[in-house]
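Enquirer: Here's my sequence, what's the structure:
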Amino acid sequence: MMQFLYYVSASERKELFKKLHEQWLTAEGRAVVVSASCTKCPGNKREIGVRLGASVVSWEDIEHDILEAGFIKQHAQEMKSMWDLSNLDEYSLRHVQKFINHHLDQPVTLDVVRNTIKELYPDGKTYPGFEMFAVFQKA
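Expert: All right, here's what the predicted structure looks like:
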């Protein structure tokens, strides 16, 4: 499950982990989760969504929900990433727009996304972001 847990509600996420544990995985089966971590660090790329009113699911909430479903964490590794925003193409802007609009009642335009990025990151680079890579095993 890589980078999609932002698009489901907390109740849907809990139900997904429950089904994964009870129905889909064999005994001792494993699930891999990649998600943003350190979502409250200044300068990370998720500030774009937060600035425009989109909520960001914290790694701590995801981890809590999957452990509560009956998994055991076998391994977790935080990975540092940097996002170059100096010359965003239309595809990248639409990707950001789609993420933000999924969380909002009132959609934002590409111009709003572009201007927010320029305002937050005038030098075109985000500060280091962090992604968590974790392996969970069915208990």
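Enquirer: Bridging across strands, which residues link to Met31?
Expert: Careful, residue 31 is Ala; it's not Met. When assigned by DSSP bridges, Ala31 has beta-bridge partners Phe136.
Enquirer: Number of residues surrounding it?
Expert: Number of residues near Ala31 (other CB atoms under 10 Å) recorded here: 18. Where you see a C-beta, it was placed from the backbone N, CA and C, and this is true even at glycine.
Enquirer: what sits against it?
Expert: Met1, Leu20, Leu25, Ile66, Phe71, Val135, Phe136, Gln137, Lys138 (CB atoms under 8 Å, 6 or more residues apart in numbering).
Enquirer: With His21 as the reference, measure out to it.
Expert: 8 Å (CB to CB, to the nearest Å).
Enquirer: after the helix or strand of the chain with the lowest mean pLDDT, next one along is what?
Expert: None of the helices or strands of the chain scores lower by mean pLDDT, DSSP states H and E than helix 47-51, at a mean of 84. Next along the chain after helix 47-51, taking DSSP states H and E as the criterion, comes helix 59-68.
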